[in-house]
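Undergrad: Quick one, fold the following:
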Amino acid sequence: MNYWMDKKGPIFCHWRAEKKMKRPAIVFDLVGTLLQTALPVGVVYSKLLTEYGIRSDPKVMHNNFIKVFDFFKLRPQGTIPKDGDDKMFWEKIVKTVLQESGIPLGSFFFDYFNKLYSYYSQKEAWKPYPEVMSALEKMSSLGFPLFVASNWDSRARTVLMEWGIRQYFLDIFLSAEWGVAKPEALFYHLVLLKTTKVSSTVFFVEDDPQMIFPYSEKIRFFLLKRPFVNLFDLLSQLQKSSYGK
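TA: Numbering: from 1, shown residues only. Sure, this is the predicted structure:
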């Protein structure tokens, strides 16, 4: 079954079900798909600012973060590092959020930013969505090869390890280690190359419809729309299909 999407959610198209098919690789996005922030971003930004004697409105900060991140998140090739350290990108975002929120930048900023960057490398900054642990365990037990492909940096490895989720994945693909990010065609091509030994088909599981891949017969797409569509919906469809038998 091919998973396509429209404005209302996933649409399930048909394949020839009489033929048993090799289990596909399932490649998960990370933030927004497997993990969510433990606290709203604006709350964290504002709380840390109080350490420097600066007062701010967490709701304003949060709304500005969403707006700024949405503007910067589609990154062309040549602007992304390959060493796993993506501090320059996040420094630009934090600066812009503060400026949009009417916070003058001063000598405090360098220390403030480093504390933020460090905070989001810790388990306490994140939490898995409610069904994630049990869904990953079930998919893994059924023999689906699982991977992560994220437009994040090396902090992802630490967070996944500390949450005990790393064990479920055969590999983790990060944009800041490849120098290319979703939705660039090269990113998906590299994932296909990395997963070809375990499966000829890949399901990309995403929460963001902007991360649309280039057309390929080897790629399927499953769009999460919590609370209406989550990982158990994907698991249910896979179990009913030739892939899950």
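Undergrad: So which residues of this protein form helices?
TA: 41-49, 58-72, 87-100, 109-119, 132-141, 155-162, 175-178, 185-195, 231-240 (DSSP state H).
Undergrad: can I assume residue 60 is in contact with residue 41?
TA: No. Checked against C-beta atoms under 8 Å, the pair residue 60 and residue 41 is beyond contact range at 11.7 Å. Using the backbone N, CA and C atoms, a C-beta is placed for each residue, glycine as well.
Undergrad: Quickly list the domain ranges of the chain.
TA: As assigned by automatic domain parsing, the chain contains the domains 3-34+129-244, 38-125.
Undergrad: lowest-confidence stretch among these?
TA: Comparing mean pLDDT across those, the weakest is domain 3-34+129-244, with a mean of 86.
Undergrad: Can you point out the buried residues in stretch 190-199?
TA: Neighbour-count burial for stretch 190-199 flags 191-192, 194-195, 198-199 (criterion: 16 or more other C-beta atoms under 10 Å).
Undergrad: err, stretch 212-229, not the other one
TA: Buried, per 16+ other C-beta under 10 Å, within stretch 212-229: 213, 219-224, 229.
Undergrad: Can I get those in TSV including distance to residue 134?
TA: Below are the buried residues of stretch 212-229 laid out as TSV (distance: C-beta to C-beta, whole Å):
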residue	distance to residue 134
213	27
219	26
220	22
221	23
222	17
223	21
224	16
229	16
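Undergrad: Nearest the middle, which residue of the protein would you pick?
TA: residue 30 (2.8 Å; C-alpha atoms, centre = their mean).
Undergrad: list the contacts for it?
TA: 148, 150, 152, 156, 160 (C-beta atoms under 8 Å, 6 or more residues apart in numbering).
Undergrad: What is the nearest of these to residue 96?
TA: Set against residue 96, the nearest of the contacts of residue 30 by C-beta to C-beta is residue 152 (18.6 Å).
Undergrad: which residues touch residue 144?
TA: 23-26, 238.
Undergrad: Switch these over to JSON lines; also include neighbour count and distance to residue 142.
TA: As requested, these are arranged in JSON lines below (neighbours: other C-beta atoms under 10 Å; distance: C-beta to C-beta, whole Å):
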{"residue": "23", "neighbour count": "20", "distance to residue 142": "8"}
{"residue": "24", "neighbour count": "21", "distance to residue 142": "12"}
{"residue": "25", "neighbour count": "25", "distance to residue 142": "13"}
{"residue": "26", "neighbour count": "27", "distance to residue 142": "10"}
{"residue": "238", "neighbour count": "22", "distance to residue 142": "8"}
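Undergrad: from these, which is closest to residue 79?
TA: Using C-beta to C-beta, the contacts of residue 144 come closest to residue 79 at residue 25, 27.9 Å.
Undergrad: wait, the closest one sits on residue 204?
TA: No. Assessed by C-beta under 8 Å, residue 25 is found out of contact with residue 204, at 9.6 Å.
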